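Student: following is a predicted model, sequence given first.
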Amino acid sequence: MDIDAVGTFTMCHAALKYLMKGGLGRGSSEGGGSIINISATLHYTAAWYQIHVSAAKAAVDALARNLALEWGTDYDIRVNGIAPGPIADTPGMSKLAPDEINSKARDYMPLFKLGEKWDIAMAALYLVSDAGEIREWNNDSSGWWTMAKQASPSTKRCSEAAFSSCGEAF
């Protein structure tokens with residue numbers, strides 16, 4: 001949890017002062033930027049003996065969705081998440097799927113092959129490019145609907161009122 005969840009939150013928070021309008025090195029009207037968080041798909045279902053990873057990656061996904069909502073509307077900062085599934089030739093696949101299981105796992109993949117590291121790199125490049133002008137994205141097909149339900153202006157006003165008394169805790 002410390003590395004994945006707390007580490008991701010800490011890095012995002014540190015980047016905020018450089019990306020927000022009027023931030024370090026920016027003018028008062030200049031803001032925006034892009035943050036990409038990388039998680040995994042283990043928590044979409046369940047995986048044996050991976051509860052620690054599943055919980056941490058779920059936290060990273062939740063962080064991306066919430067920061068996309070808050071920082072996207074407040075600071076014009078895009079926050080996206082990439083949640084790769086099984087990726088070939090990685091320590092994770094070596095640990096979780098030895099060769100005999102790895103070859104059988106391919107039979108369950110839509111294209112009968114595992115993802116490649118290149119796939120993650122290309123997704124990241126797309127998201128930071130002008131073509132990737134997406135405000136919140138994650139490998140969750142219901143993400144837009146989920147975000148739309150929570151992102152209304154009235155919901156924001158209610159949330160601001162509820163947390164205004166919390167001070168520096170939030």
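Tutor: All right, it came through fine.
Student: so what's Ser34 up against?
Tutor: Contacts here follow C-beta atoms under 8 Å, 6 or more residues apart in numbering; on that basis Ser34 touches 77-80, 127-128, 132. C-beta here means a position set from N, CA and C on the backbone, and glycine is covered the same way.
Student: correct me if wrong: Met109 contacts Pro86.
Tutor: Yes: counting by C-beta atoms under 8 Å, Met109 touches Pro86, with 7.5 Å between them.
Student: and the two? Which one has more around it.
Tutor: Taking neighbours as other C-beta atoms under 10 Å, Met109 and Pro86 compare with Pro86 leading, 20 against 12.
Student: that one touches Gly115, doesn't it?
Tutor: Yes: Pro86 is within contact range of Gly115, at 6.4 Å (criterion: C-beta under 8 Å).
Student: how about the strands in this structure?
Tutor: Assignment of strands within the chain using DSSP state E yields the ranges 33-38, 77-82.
Student: mind putting the ones you listed into CSV with distance to Pro98 and mean pLDDT?
Tutor: Putting these into CSV (distance: least, C-beta to C-beta, whole Å; pLDDT from 0 to 100) gives the following:
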stretch, distance to Pro98, mean pLDDT
strand 33-38, 24, 92
strand 77-82, 26, 92
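Student: a markdown table please, covering those and showing distance to Met93.
Tutor: Converted to a markdown table, those look like this (distance: least, C-beta to C-beta, whole Å):
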| stretch | distance to Met93 |
| --- | --- |
| strand 33-38 | 16 |
| strand 77-82 | 17 |
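Student: just say which of those strands is most tucked in.
Tutor: strand 77-82 (a mean of 24; mean count of other C-beta atoms under 10 Å).
Student: got the angle between that strand and strand 33-38?
Tutor: 20 degrees (axes from the mean of the first three to the mean of the last three C-alpha atoms, to 10 degrees).
Student: residues in contact with strand 77-82?
Tutor: Outside of strand 77-82, the residues within contact range by C-beta under 8 Å, 6+ apart are 12, 16, 19-20, 31-39, 60-61, 64-65, 67-68, 71-72, 120, 123-124, 127, 132-139.
Student: could you do stretch 46-61 as well?
Tutor: Here stretch 46-61 has contacts from 1, 3-5, 8, 37-43, 81, 83, 96, 138, 140, using C-beta under 8 Å, 6+ apart.
Student: fine by me, we can end here.
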